[in-house]
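In: Have a look at this prediction, sequence included:
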Amino acid sequence: MAKPVIFAIDDEPAVLNAVERDLRQKYGHTYRILKADSGIAALDALKQLHARGETAALFVVDQRMAQMTGVEFLDAARKLFPEAKKVLLTAYADTEAAIASINRVDLDYYLMKPWDPPQEHLYPVLDELLDDWQRHAEIPYDGIRVAGALWSPAAHTVKEFLTRHQIPYRWLDVESDPKARALVEAHNAGTLVLPTVFFPDGAVLVEPTIQQIAEKAGLPTHAALPFYDLVIVGAGPAGLSAAVYASSDGIKCLVIERDAPGGQAGSSPKIENYLGFPMGISGGDLTHRAITQARRMGAEIVTAQEATRVRAQDQYRVVTMADGKEVSCHVVLLATGASFHTLKIPGAAELTGKGIFYGAAHTEAFFYQDQDVLVAGGANSAAQGALFLSRYARKVTVVIRAAEPEASHYLVDALKQNEKIEVRLNTDLVQVNGTEKFESLVVKNHVTGETSTLRAAGMFVFIGVSPQSQLVAGAALCDEKGYLYTGADLLREGKRPPGWTLNRDPMLMETSLPGVFAVGDVRYGTNHRVASAVGEAAVATMIVKQYLKTL
Ligand SMILES: Cc1cc2nc3c(=O)[nH]c(=O)nc-3n(C[C@H](O)[C@H](O)[C@H](O)COP(=O)(O)OP(=O)(O)OC[C@H]3O[C@@H](n4cnc5c(N)ncnc54)[C@H](O)[C@@H]3O)c2cc1C
């Protein structure tokens, strides 16, 4: 993006060069310093800047110029750049003209010539003006812009996807910003279609799928090869860990991720119990590091691509994607983790994404600045979510069904010490109210029997997770909740699982489908920790290597 411009205008060459020199010395690294020897020449240049979408921060112009006075120039220039600061250079004799122009052209300052030393007479004035300009100016943004409304679930999906990929974007809220609304309507024949996503190359995607966003942002969504040694399904901590260890051992592997990498951990604002990060690390940062590491080791990662089925075909394993494409391999590692339980109370389904969010505190918190929000749940993820939201929200009410929070003690202490957070224990969620968007939650204290209505701008729900093993449903053995049995858990009284034809027991972390392994939160017996997911995946990769040797 081009730097904002500071423009010096004077028809006396010596003065012009001196102003330019002093401006360049102090502001040259942040601003582009331009000069012109007349108001007319400067206006021509300004018109070109304007046409290119560049911005001007400050004009420093001499009042006494032959063709056009400084005040006349400022009057014309402010029509192009109304927010730019205006400084008039004056001689003692011009003081009256300068004072008159304070009202006429909204002059910000007049400066007597000479201004030496600039450290004393020039820079303090300009520093203040430029600080003020920066606070209020709309600096042109040449990245991705997502226009939507807080109550639009599709807009939330796009924001979440971009955030998870650490792709910077600017949010244009059509509800609070008339310019954003006009921009969207202009692109949609007068209709407000949300979200509308604007790309720096001028392309516009209206109500895009995450696949379209991924493709436009240059993210791989399809496997490059037809065959791999190992296909890992899921790019949470377990999948990414497996990708790092497998690739570093020379195993050709592909990671398939339905959304964006990170999994549940990616939605954690701060993981404080992962080894090696004494001050904690955000899920986003951990994910970013893991992806970089996995790619550096040679792993291929595709996103916005769901694996829908895994099947055996002779000695190969075949993974089918949601778009019907297939990829073959020797081994599949299921690292599909778990997804949030959804609220089953009246009103909740209709308002999901319209003020009710599952996890997502890290993506949405900023948009709830100075508003009241609710958090449902009492475990670590809920406590982390509440603490993160409290950085922005005016008040965070945490509603917990149990008599005590189940979170780790360091999080419970942090909740207690946070003045913005109120915790309501023994409280059941009864009903969600709202028409277009979430408005309030009805709760009942099951000890006192008291019912109350909590008004808030949004509600963030963390009430447990369910394993995501649907892609092998009916094919691999799992418990009644869907957690996949692996290794010794598949043996019943020493007997191998039904349908198992191999002359060996299932290997550690191998499911009842030979050559299909499972790690992390989707695996029966796991303990739902980032470290466990990462560790299990490291061990599983070693077993996969042994398995590959048997082929
Ligand atoms: C908000 C929050 C905070 C947490 N904080 C902590 C903490 O501080 N410390 C800690 O130790 N643990 C924490 N946890 C728990 C921890 O995040 C999980 O135990 C861990 O993420 C499990 O990793 P995983 O890779 O097994 O699964 P997941 O993280 O669930 O990742 C699974 C991935 O697989 C993808 N996927 C699923 N199905 C498919 C499919 N069919 N095709 C393609 N992709 C698919 C998903 O989109 C997802 O990206 C937290 C969890 C949450 C929700």
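Out: That came through fine. Numbers count the residues shown, from 1 in each chain.
In: Name the nearest residue to residue 19, ignoring sequence neighbours.
Out: Closest residue in space to residue 19, ignoring its immediate chain neighbours: residue 8 at 4.3 Å, by Cβ to Cβ, 6 or more residues apart in numbering. (C-beta placed from N, C-alpha, C; glycine too.)
In: Can you report how many residues lie near the one you found?
Out: Neighbours of residue 8 under the rule other Cβ atoms under 10 Å: 27.
In: what pairs with the helix or strand it falls within, and is each one parallel or antiparallel?
Out: Assigned by DSSP states H and E, residue 8 belongs to strand 5-9. Strand pairing for strand 5-9, determined by DSSP bridges: strand 32-36 (parallel), strand 56-62 (parallel).
In: of all those, which gets the most neighbours per residue?
Out: strand 56-62 (a mean of 25; mean count of other Cβ atoms under 10 Å).
In: mind listing what the closest residue in space to residue 380 that isn't next to it in sequence touches?
Out: Leaving aside its chain neighbours, residue 380 sits nearest to residue 407 (4.8 Å; criterion: Cβ to Cβ, 6+ apart). For residue 407, the contact set (Cβ atoms under 8 Å, 6 or more residues apart in numbering) comprises 378, 379, 380, 382, 383, 415.
In: How about residues contacting stretch 526-541?
Out: 236-239, 241-242, 245-246, 249, 251, 263, 265, 271, 273-275, 286, 333, 335, 337-338, 465, 483, 508-509, 517, 519-521, 523.
In: Are there helices or strands packed against the helix or strand hosting residue 286, and which ones?
Out: In this assignment (DSSP H and E), residue 286 forms part of helix 283-297. When contacts are defined as 3 or more Cβ pairs under 8 Å, 6 or more residues apart in numbering; DSSP states H and E, helix 283-297 packs onto helix 153-164, helix 237-248, strand 300-302.
In: can you redo those as CSV with mean pLDDT, mean neighbour count and distance to residue 441?
Out: Output for the helices and strands packed on helix 283-297, formatted as CSV (pLDDT from 0 to 100; neighbours: other Cβ atoms under 10 Å; distance: least, Cβ to Cβ, whole Å):
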stretch, mean pLDDT, mean neighbour count, distance to residue 441
helix 153-164, 90, 22, 18
helix 237-248, 98, 28, 32
strand 300-302, 97, 20, 38
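In: So of the contacts of residue 407, which two are at opposite extremes in space?
Out: 379 and 415 (11.9 Å; Cβ to Cβ).
In: between these two, what contacts are shared?
Out: Shared contacts of residue 379 and residue 415, defined by Cβ under 8 Å, 6+ apart, are found at 405, 407.
In: Between the two, point out the one with more neighbours.
Out: Set residue 379 next to residue 415 and count neighbours by other Cβ under 10 Å: residue 415 wins out with 23 against 19.
In: Identify the residue nearest the geometric centre of this protein.
Out: Of all residues in the chain, the one closest to the mean position by Cα atoms, centre = their mean is residue 163, 1.7 Å from it.
In: so that residue makes contact with residue 284?
Out: Yes - with contact defined as Cβ atoms under 8 Å, residue 163 counts as touching residue 284 (7.2 Å).
In: any shared contact partners between these two?
Out: Joint contacts of residue 163 and residue 284 (Cβ under 8 Å, 6+ apart) are residue 362.
In: related to what we said a few turns ago, so which of the helices and strands packed on helix 283-297 is nearest residue 133?
Out: Each of these has some distance to residue 133 by Cβ to Cβ; the shortest is helix 153-164, at 28.7 Å.
In: tilt between that closest one and helix 283-297?
Out: Counting by axes from the mean of the first three to the mean of the last three Cα atoms, to 10 degrees, helix 153-164 lies at 60 degrees to helix 283-297.
In: quick one: helix 153-164 near the ligand?
Out: No - contact of helix 153-164 with the ligand (Cβ under 6 Å from any ligand atom) is absent, the minimum separation being 8.6 Å.
In: distance between that helix and the chain's centre?
Out: With Cα atoms, centre = their mean, to the nearest Å as the basis, helix 153-164 stands 7 Å off its chain's centre.
In: per-residue confidence averaged over the next helix-or-strand element following that helix?
Out: Of the helices and strands lying after helix 153-164 in sequence (DSSP H and E), the nearest is strand 169-173. Mean pLDDT, computed over strand 169-173, is 91.
In: cool, and stretch 337-353?
Out: Mean pLDDT, stretch 337-353: 93.
In: how about whatever residue of the stretch 351-500 of the chain ends up closest to the ligand, what does it touch?
Out: In the stretch 351-500 of the chain, the residue that lies nearest the ligand is residue 381 (3.3 Å; Cβ to the nearest ligand atom). Contact partners of residue 381, counting by Cβ under 8 Å, 6+ apart, are 264, 267, 268, 359, 462.
In: filter those down to the ones near the ligand?
Out: Among the contacts of residue 381, the ligand is touched by 264, 267, 268, 359 when using Cβ under 6 Å from any ligand atom.
In: interface residues of the protein facing the ligand?
Out: With Cβ under 6 Å from any ligand atom as the criterion, the chain meets the ligand at residues 233-239, 256-259, 263-265, 267-268, 271-273, 306-307, 335-338, 359, 380-381, 384, 468, 471, 520-521, 528-531, 533.
In: Buried ones among those?
Out: Among the residues of the chain next to the ligand, the ones that count as buried by 16 or more other Cβ atoms under 10 Å are 233-239, 256-259, 263-265, 267-268, 271-272, 306-307, 335-338, 359, 380-381, 384, 468, 471, 520-521, 528-530, 533.
In: all helices for the stretch 351-500 of the chain, in order.
Out: Listed in chain order, the helices of the stretch 351-500 of the chain (DSSP state H, counting those that start in this stretch) span 361-364, 380-389, 409-417.
In: Return the most buried member of these.
Out: helix 380-389 (a mean of 26).
In: Just the CA atoms of that helix, as PDB, please.
Out: Extracted C-alpha coordinates of helix 380-389, given in PDB (Å, rounded to 0.1, in the frame of the first residue of the first chain):
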ATOM      1  CA  ASN A 380     -11.700 -24.800  30.600                       C
ATOM      2  CA  SER A 381     -12.900 -23.700  27.100                       C
ATOM      3  CA  ALA A 382     -15.800 -21.700  28.600                       C
ATOM      4  CA  ALA A 383     -13.500 -20.000  31.200                       C
ATOM      5  CA  GLN A 384     -10.900 -19.100  28.500                       C
ATOM      6  CA  GLY A 385     -13.700 -17.800  26.300                       C
ATOM      7  CA  ALA A 386     -15.100 -15.600  29.100                       C
ATOM      8  CA  LEU A 387     -11.700 -14.200  30.000                       C
ATOM      9  CA  PHE A 388     -11.000 -13.300  26.400                       C
ATOM     10  CA  LEU A 389     -14.400 -11.700  25.900                       C
END
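In: What mean pLDDT does it get?
Out: 93.
In: Stretch 305-323 now?
Out: Stretch 305-323 comes out with an average pLDDT of 96.
In: on that earlier part again, what are the contacting residues of the helix holding residue 286?
Out: 163-164, 166, 235, 237, 240-241, 243-244, 247-248, 255, 261-262, 264-269, 271, 274, 277, 301, 362, 530.
In: Grab the nearest non-local neighbour of whichever residue of the stretch 1-150 of the chain sits closest to the ligand.
Out: Here the residue of the stretch 1-150 of the chain nearest the ligand is residue 150; by Cβ to the nearest ligand atom that distance is 20.2 Å. Distances taken as Cβ to Cβ, 6+ apart place residue 367 nearest to residue 150, at 5.6 Å, with adjacent residues excluded.
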